[in-house]
Every structure is written in structure tokens, then in C-alpha cells.
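Peer 1: Could you look at this predicted model? Sequence included:
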Amino acid sequence: MPLGSTVRAMFGPHERRVSDLYRGLFLDLDDYAAKIAGWSPGARKILEVGCGEGAVTEVLARIFPQADILGIDITPRVGRLYDGPRDRVEFRVAAVQDVARDHPGAFDLIILSDVMHHIPVALRAEIVGAIGQALAPGGRFILKDWGKAATPIHWLCHAGDRWLTGDRVSHLVPDQAKSLILDRLPALRCVEEGHIAPWTNNYTLVFAA
Ligand SMILES: C[S@@+](CC[C@H](N)C(=O)[O-])C[C@H]1O[C@@H](n2cnc3c(N)ncnc32)[C@H](O)[C@@H]1O
């Protein structure tokens with residue numbers, strides 16, 4: 001079991017609060033929510049790939065009250081800390097390749113949030129290809145990740161990711177992530193590039209199909 005699961009279990013009923021405080025050191029979820037809402041207004045069918053325990057899924061459910069949302073992850077802990085509506089939000093342990101094969105072109109918004117640096121390098125193009133297959137014509141794909149930098153906050157983030165999750169993380173800078181997406185999905189256009197508070201390490205790329 002990764003160290004993070006053991007540490008989290010120690011917090012018992014306070015786990016969610018501690019998890020939110022830790023996340024808040026790195027990412028302002030309110031700033032993120034406002035930007036997502038502006039990038040994809042009116043999204044009705046949303047796929048969150050690598051949704052983890054559901055923190056961003058909760059944001060999506062709040063800002064898109066009309067949308068059906070599917071959160072998928074390879075971890076059995078998928079959606080475990082989610083505390084939002086259940087009638088239109090579903091969590092599954094699933095690979096995006098399988099979802100894309102079963103539901104091609106089905107999602108008008110796909111989001112990959114702080115996941116890319118956890119995916120083994122050799123698998124990244126395949127995951128991006130599956131996202132392209134699942135994206136509806138005219139849909140949007142939002143990539144949010146954490147860019148590497150020679151700064152203490154990056155070292156803290158990298159150490160947390162590496163030792164709490166046990167994954168062999170490797171971070172891309174925005175241009176590398178953009179090339180990865182457009183090399184595999186040349187029909188997409190990158191329509192927005194930006195940052196989320198409070199650190200410029202938090203970068204976002206928005207692609208339109
Ligand atoms: C730092 S967590 C981010 C969770 C969530 N997206 C969020 O922002 O709260 C990284 C997540 O990526 C997931 N992940 C890693 N490789 C994956 C893959 N190949 N397919 C789907 N999810 C993956 C992990 O299981 C983990 O839940």
C-alpha cells in the first residue's frame with residue numbers, strides 16, 4: 001500500500017479536511033472552478049480521467065449542475081472522498097481506453113487533472129489517443145498539470161507525489177505537454193493556455209475538437 005494511504009488512514013474522520021488543507025497548499029480550487037466554467041460553458045456530458053478520490057469531480061458537479069459526469073480511475077479508491085450529488089455523477093474503476101472504445105465521441109468535456117505526471121511515459125500517447133477518441137466533435141479537453149521548476153514548492157510537490165503515492169512521477173513543462181497532445185491528436189486546436197493560483201507551476205491547456 002502506498003505511504004499516502006497509511007498516512008491518510010491515521011486521520012480517521014478528519015481525513016477529508018486534512019486532504020483539502022494539503023491540496024490547498026498547491027491549488028486554489030475556487031480559481032480552478034471559475035476557469036473551467038468559463039472554458040466549457042454548458043457542458044452536458046463530462047468525463048474526468050484519473051479523478052482519484054473525487055475532489056475535482058465535486059467542483060465539476062457544482063459548476064455544471066445540468067451535466068452527467070463520469071469519473072474514472074485505475075485506483076479502487078475512486079470517488080472515495082466525493083461529497084456531492086450522486087444522481088448524475090458516477091464513479092468507475094476503468095481505463096480510459098475501454099471507456100473510449102465503448103463510448104466514442106460521447107463526451108463534450110474531458111478533463112485530465114494532475115494525472116499526466118503520474119502516467120508512465122510509455123503509456124502517455126495511448127491515453128491521449130483514447131481521450132481524443134472519447135471526445136465529441138466540438139468538445140473541449142482540459143489538461144491541468146504541475147510544471148517542474150527549480151523552486152522549493154516544486155520540490156515539496158514532487159516529494160509528496162513520489163512518496164505519498166509511490167508513483168514514479170515525471171513532470172512536463174507546458175510546451176512538452178502541448179506537443180504530446182497535438183502530436184497524437186493533430187486535429188485538436190489549443191485554444192487557451194494559463195495558470196491556476198496560487199503557483200505558476202499549475203498550468204492549464206484547453207483544446208477544442
Ligand atoms: C494526484 S492524483 C489526482 C486526482 C484527481 N485528478 C484530482 O485532481 O484530485 C493522480 C491520479 O491519477 C491516477 N492515474 C494514474 N495513472 C492513471 C491512468 N493510467 N489512468 C487513469 N488514472 C490514472 C491515479 O490513480 C491518481 O488517482
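Peer 2: Perfect, I can see it now.
Peer 1: Next to the ligand, which bits of this protein? Give me the list.
Peer 2: Counting by C-beta under 6 Å from any ligand atom, the chain comes close to the ligand at 49-52, 55-56, 73-75, 113-115, 118-119, 127. Using the backbone N, CA and C atoms, a C-beta is placed for each residue, glycine as well.
Peer 1: On the three-state scheme, the residue lying closest to residue 53 once chain neighbours are set aside is what?
Peer 2: Nearest residue to residue 53, sequence neighbours excluded (C-beta to C-beta, 6 or more residues apart in numbering): residue 81, at 4.1 Å. Following DSSP: H, G, I helix; E, B strand; the rest coil, the label given to residue 81 is coil.
Peer 1: now swap in the one 3 residues further on and tell me
Peer 2: Of the three states, residue 84 takes coil under three-state DSSP.
Peer 1: For it, report the pLDDT, please.
Peer 2: pLDDT for residue 84: 97.
Peer 1: residues contacting it?
Peer 2: Neighbouring residues of residue 84 by C-beta atoms under 8 Å, 6 or more residues apart in numbering: 54, 57-58, 61-62.
Peer 1: Give me the buried subset of the residues you listed.
Peer 2: For those, a burial check counting by 16 or more other C-beta atoms under 10 Å picks out 54, 57-58, 61.
Peer 1: what's the longest strand in this structure?
Peer 2: In terms of residue count, the longest strand belonging to the chain (DSSP state E) is strand 135-146.
Peer 1: elements contacting it?
Peer 2: Under the contact criterion of 3 or more C-beta pairs under 8 Å, 6 or more residues apart in numbering; DSSP states H and E, strand 135-146 touches helix 29-39, strand 107-113, helix 174-184, strand 202-208.
Peer 1: Show me what the third one is in contact with.
Peer 2: Right, the one you point to is helix 174-184. By C-beta under 8 Å, 6+ apart, the residues outside helix 174-184 that reach it are 116, 124-125, 128-129, 132, 141, 143, 145, 147, 172, 188, 190, 193, 203, 205, 207.
Peer 1: could the buried ones among the contacts of residue 84 go into a markdown table alongside secondary structure and pLDDT?
Peer 2: Shown next, in a markdown table, are the buried ones among the contacts of residue 84 (DSSP: H, G, I helix; E, B strand; the rest coil; pLDDT from 0 to 100):
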| residue | secondary structure | pLDDT |
| --- | --- | --- |
| 54 | coil | 97 |
| 57 | helix | 98 |
| 58 | helix | 97 |
| 61 | helix | 98 |
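Peer 1: check contacts around the residue lying closest to residue 202 once chain neighbours are set aside.
Peer 2: Distance criterion C-beta to C-beta, 6+ apart; nearest residue to residue 202, sequence neighbours excluded, is residue 196 at 4.0 Å. Taking C-beta under 8 Å, 6+ apart as the criterion, residue 196 is in contact with 27-28, 31-32, 35, 144, 202-204.
Peer 1: let's see it at 6 Å
Peer 2: Shown in contact with residue 196 (C-beta atoms under 6 Å, 6 or more residues apart in numbering): 31-32, 202.
Peer 1: Packed most tightly, which of the helices and strands packed on strand 135-146 would that be?
Peer 2: Ranked by mean neighbour count, the helices and strands packed on strand 135-146 are led by strand 107-113 with a mean of 26 (mean count of other C-beta atoms under 10 Å).
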